[in-house]
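predicted coordinates and the sequence they were generated for:
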Amino acid sequence: MLDVTGPAARPDTDEEFDVDLFVIGGGSGGVRAARIAAGHGARVQLAEEYRVGGTCVIRGCVPKKLMVYAGRFAEEFEDAAGFGWTVPEPRFDWNAMRVRRDAEVTRLEAIYDTNLMRAGVDVEPQRAVIEGPHAVRLVRSGKRVRARHILIATGGHPVMRPDVPGMDLAISSNEVFELETRPDRILVVGGGYIAVEFAGIFANLGSRTTLLHRGERLLTGFDDEIRDGLAEAYGRRMDLRLGRSLSRLARGPGGIVATLDDGATIEADQVLVATGRTPNVAGLGLDTVGIDLDGAGAIPVDAFSRTCVPSIYAVGDVTNRANLTPIAIREGHAFADSVFGGKPWSVDHGLIPTAVFSTPEIGTVGLTEAEARARCGALDVYRSCFRPMKATLSGREERMLMKVIVDADTDRVVGVHILGHDAGEMIQAVGIAVTMGATKADFDRTIAVHPTAGEELVTMRVPAVTKRPEGVG
Ligand code: NDP
């Protein structure tokens, strides 16, 4: 049980501290924690050295999704012809998109600021460093703050790897939002969420796109058939180079020249490197309080986000648990309720619905087929691969793939994987059922919504693959 040491529990020591909670970092996790703690009556101060909103709002999920939308219009214009429309040659204005996107980000940033202010959180627009278990120093003003609790929510930043000559010519997923023109040719390096999403965005926006990944399959950790389906679709949209690594980058007369490990060269106007992110811990003062990092450079915490120092907690990407915005938000909320609300609870990291905003999109929850094979004694895999209705008239070469993975001993649906239009929207709803422990029988008795792509999820009758323990019929 968590030791609740919130303000209500120890009112007599208020003068010892300037604030009950000092939050370092104004991203998704830090902002949620600050607001909820303030709502529980805590005196809260939050320091943010860049822009309130963090990676998600300022240079991640939000501007990225707006660019995903921008790119997808290209195929809408093309598809419209199959439905009788005559669409004049569409033209894309990068600058117009950029200005409107950035205005939206600024609007959201202001909302975050206002919400913090309304909650009574004192926001310090400067860097903060830890000087003791209860001490924080604001770097610009030099002011020292005595805090009963400190929450580290500093997030992460992109790492530029592999370490090859000429890497300084490449940009990361930070600078990609600052590009003033759309690159005619872009090389994207990496095979994770960010690389796959941006390769899709640029290909849709008309850039000649190469996606280079060291592995034979994109998106490590996702279901293999979904990965293969995405690679097939991406192979049609761009130059996809799998199983190849970057050896060097150099500036040539016509652009940046990338040399690969097989000797091939690719010339591009921009090279976007998206090969992972690492926690923001440098210069934070962790050594002064004796917090050692784990092997991935993250702050180790327990289920309640406690570090090894009882007064210091950490949430979000800086802890490298599941580096997703909704998880950081949940961790921040759980921390605030537990420490200041007298209601200790912790986040279940076991079942996380997630989407990749590639085109086609991916939505996934639960175990992959490979994971289920390893964990479940008996298994049924239901699979549906079909041409979506819209593609019949548009004539677009496109398939949707859906998989429902069932533990055949219990009939529980342990995994659902979708590749195709609106997969992200679908998986959010399916995620509720899977989180509730739905069985295949529950899926089967759910009435289909017709005609939709999603109805396939409740109309799959015969497993495509079954696995039974040896000797069992
Ligand atoms: P990921 O961890 O998803 O992917 C990193 C990619 O880089 C992998 O393909 C990896 O290859 C490759 N890689 C790692 N090291 C090297 C190297 N030395 N040389 C070549 N390739 C390398 O990181 P991202 O940067 O794409 O995203 C960071 C995090 O942001 C993700 O973990 C995700 O949680 C989050 N995110 C979520 C989004 C969403 O929810 N839609 C969108 C964007 C980001 P390999 O697979 O072989 O290891």
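All right, it came through fine. Numbers count the residues shown, from 1 in each chain.

neighbours of the residue nearest to Asp294 when sequence neighbours are not counted, just the number please.
Spatial nearest neighbour of Asp294, chain neighbours left out: Pro300 (4.9 Å); criterion: Cβ to Cβ, 6 or more residues apart in numbering. Quick note: C-beta positions are derived from backbone N, CA and C, even for glycine. Using other Cβ atoms under 10 Å, Pro300 has 16 neighbouring residues.

check which residues of stretch 425-439 are buried.
426-427, 430-431, 433-434, 438 (16 or more other Cβ atoms under 10 Å).

an error on my part: the question was meant for stretch 152-162.
Per 16+ other Cβ under 10 Å, stretch 152-162 contains these buried residues: 152-156, 158, 160.

out of the residues you listed, the closest to the ligand would be?
Pro158 (6.4 Å; Cβ to the nearest ligand atom).

so who does that closest one touch?
Contacts here follow Cβ atoms under 8 Å, 6 or more residues apart in numbering; on that basis Pro158 touches 172-174, 194, 273-274, 276-277.

next: Val458.
443-444, 446-448.

which stretches of the protein form helices?
28-39, 54-59, 61-80, 94-118, 193-204, 224-237, 286-289, 325-340, 369-375, 389-394, 423-435, 440-445 (DSSP state H).

and the fourth one, what's buried?
Translated: helix 94-118. So for helix 94-118, counting by 16+ other Cβ under 10 Å, buried means 97-98, 101, 105, 108-109, 112-113, 116.

show me what contacts whichever residue of the chain sits closest to the ligand?
Using Cβ to the nearest ligand atom, the closest approach of the chain to the ligand is made by Gly192 at 1.9 Å. When contacts are counted by Cβ under 8 Å, 6+ apart, Gly192 touches 219-220, 274-276.

next: Phe198.
Neighbour list for Phe198: 64, 173, 176, 188, 272, 274 [criterion: Cβ under 8 Å, 6+ apart].

filter those residues by proximity to the ligand?
Ala274 (Cβ under 6 Å from any ligand atom).

going by distance to Tyr313, which of the contacts of Phe198 wins?
Closest to Tyr313 out of these is Ser173 (27.2 Å), distances taken as Cβ to Cβ.

I'd say the closest one and Cys61 touch.
No - the pair Ser173 and Cys61 fails to qualify as a contact (Cβ atoms under 8 Å) at a distance of 11.1 Å.

more neighbours, those two?
Ser173 (22 against 18).

tell me, what's the model's pLDDT at that one?
Looking at Ser173, its pLDDT stands at 98.

check contacts around it.
So Ser173 contacts 59-60, 158, 194, 198, 272, 274 (Cβ under 8 Å, 6+ apart).

wait, which of these is closest to Arg461?
Ile194 (38.0 Å).

excluding sequence neighbours, find me the nearest residue to the closest one.
Ala274 is the one closest to Ile194 (Cβ to Cβ, 6+ apart), at 3.8 Å.

so who does that neighbour touch?
158, 172-173, 188-190, 192, 194-195, 198.

Leu205 now?
67, 70-71, 74, 92, 94, 182.

grab the nearest non-local neighbour of Asp113.
Here the residue nearest Asp113, using Cβ to Cβ, 6+ apart, is Val52, at 5.3 Å.

up against the ligand, what does the stretch 251-400 of the chain have?
So far as Cβ under 6 Å from any ligand atom goes, the stretch 251-400 of the chain lies against the ligand at 274-277, 323-324, 354-357.

one step back: okay, the residue nearest to Ile194: pLDDT?
98.

now do Glu470
Glu470 is given a pLDDT of 76.

can you get me a residue count around it?
Glu470: 4 neighbours (other Cβ under 10 Å).

ditto for Thr181
Around Thr181 there are 10 residues (other Cβ under 10 Å).

now, the residues of the stretch 251-400 of the chain next to the ligand that are in strands?
277, 354-356 (DSSP state E).

make CSV out of these and add pLDDT, neighbour count and distance to Thr265.
What follows is these, written out as CSV (pLDDT from 0 to 100; neighbours: other Cβ atoms under 10 Å; distance: Cβ to Cβ, whole Å):
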residue, pLDDT, neighbour count, distance to Thr265
Arg277, 98, 21, 28
Thr354, 98, 18, 35
Ala355, 98, 22, 35
Val356, 98, 23, 29
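
measure the nearest residue to Ala441 once chain neighbours are set aside to Asp444 for me?
Take Ala441 and drop its neighbours on the chain: the residue closest to it by Cβ to Cβ, 6+ apart is Asp411, 5.8 Å away. Distance of Asp411 to Asp444, computed by Cβ to Cβ, to the nearest Å: 10 Å.

of those two, who's got more company?
A direct count of neighbours by other Cβ under 10 Å for Asp411 and Asp444 places Asp411 higher, at 15 against 12.

surely that one touches Phe443?
No - with contact defined as Cβ under 8 Å, Asp411 does not count as touching Phe443 (9.8 Å).

if we can go back for a sec, report pLDDT for the residue nearest to Asp113.
Value listed for Val52 in the pLDDT field: 97.

tell me how many other residues crowd it.
24.

which residues does it contact?
Counted by Cβ under 8 Å, 6+ apart, Val52 has contacts 26, 31, 109, 112-113, 116, 123.

now do the same contact list for the residue nearest in space to the middle of the chain.
By Cα atoms, centre = their mean, the chain has its centre lying nearest to Leu324, at 4.2 Å. For Leu324, the contact set (Cβ under 8 Å, 6+ apart) comprises 352, 354.

any regions of the stretch 1-150 of the chain where pLDDT drops low?
1-14 (pLDDT under 70).

hmm, back to that, nearest to Ile362 among the buried residues of stretch 425-439?
Ile427 (8.5 Å).

what is the residue lying closest to that closest one once chain neighbours are set aside paired to in the beta sheet?
Of all residues not flanking Ile427 in the chain, Gly363 sits nearest, at 2.9 Å (Cβ to Cβ, 6+ apart). Here Gly363 sits in beta bridges with Ala355, Ile418, as judged by DSSP bridges.

pretty sure Gly363 contacts Met426?
Yes - Gly363 is within contact range of Met426, at 5.6 Å (criterion: Cβ under 8 Å).

overlap of the contact sets of these two?
Ile418.

and the buried residues of stretch 425-439 as CSV, adding distance to the ligand?
Shown next, in CSV, are the buried residues of stretch 425-439 (distance: Cβ to the nearest ligand atom, whole Å):
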residue, distance to the ligand
Met426, 15
Ile427, 11
Val430, 16
Gly431, 13
Ala433, 20
Val434, 17
Ala438, 23
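
follow-up on the earlier one: for the contacts of Val52, which one is nearest His333?
When these are compared against His333 (criterion: Cβ to Cβ), the nearest one is Val31, at 10.5 Å.

do I have it right that the closest one meets Val57?
No - taking contacts as Cβ under 8 Å, Val31 lies outside contact range of Val57: 9.2 Å.

pLDDT wise, what is Asp287 at?
Asp287 is given a pLDDT of 98.

report how many residues lie close to it.
Asp287, neighbours per other Cβ under 10 Å, totals 12.

separation between it and Val136?
For Asp287, the distance to Val136 - Cβ to Cβ - is 15 Å.

ok, Thr435 next?
Counting by Cβ to Cβ, the gap from Thr435 to Val136 is 37 Å.

okay, and the beta partners of Thr210?
In beta-bridge terms (that is, DSSP bridges), Thr210 pairs with Leu187, Asp239.
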